[in-house]
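[1] Structure for the following, please:
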Amino acid sequence: MANEFFRAFGPDVGIALTPGANGRFEVRMDGEMIWDKKVEGNIYPDLSIVRKLKGVIKEKLDSLVAAD
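    Residues are numbered from 1 along each chain as shown. All right, here's what the predicted structure looks like:
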């Protein structure tokens, strides 16, 4: 997943993978949770979910650029 984000956004997005306890798997941007494995039925994101997450990240990046 990190590779998909990096290929889509390059250096515009900082990617960090942090090990967690109890099988936690979360995607956050600027501290905001945008995906949580536990909330989403304890499933890992497939390609369709990754594409949706990339859309969310793109929208957030676009809004940050527009605010400048």
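[2] Give me the contact list for the helix ranked longest in the chain.
    If you go by DSSP state H, the chain has its longest helix at helix 47-67. Here helix 47-67 makes contact (C-beta atoms under 8 Å, 6 or more residues apart in numbering) with 1, 4-5, 8-9, 12-13, 27, 29-30, 34-35, 40, 45. Quick note: C-beta positions are derived from backbone N, CA and C, even for glycine.
[3] quick one: contacts for the spatially most central residue of the chain?
    Note on the chain: the residue nearest the mean C-alpha position is Val27, at 4.2 Å, using C-alpha atoms, centre = their mean. Val27 makes contact with Met1, Met33, Ile34, Trp35, Asp36, Pro45, Leu53, according to C-beta under 8 Å, 6+ apart.
[4] Pull the contacting residues for Trp35.
    Contact analysis of Trp35 by C-beta under 8 Å, 6+ apart lists Glu26, Val27, Pro45, Ile49, Leu53.
[5] now for those residues, which pair is the farthest apart?
    The span of these, defined through C-beta to C-beta, is set by Glu26 and Ile49 at 13.0 Å.
[6] re earlier: for the residue nearest to the centre of the chain, pull up the helix or strand it's in.
    Assessed by DSSP states H and E, Val27 sits inside strand 26-29.
[7] Tabulate the contacts of Trp35 in JSON lines, adding columns for distance to Glu59.
    Shown next, in JSON lines, are the contacts of Trp35 (distance: C-beta to C-beta, whole Å):
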{"residue": "Glu26", "distance to Glu59": "19"}
{"residue": "Val27", "distance to Glu59": "14"}
{"residue": "Pro45", "distance to Glu59": "17"}
{"residue": "Ile49", "distance to Glu59": "16"}
{"residue": "Leu53", "distance to Glu59": "11"}
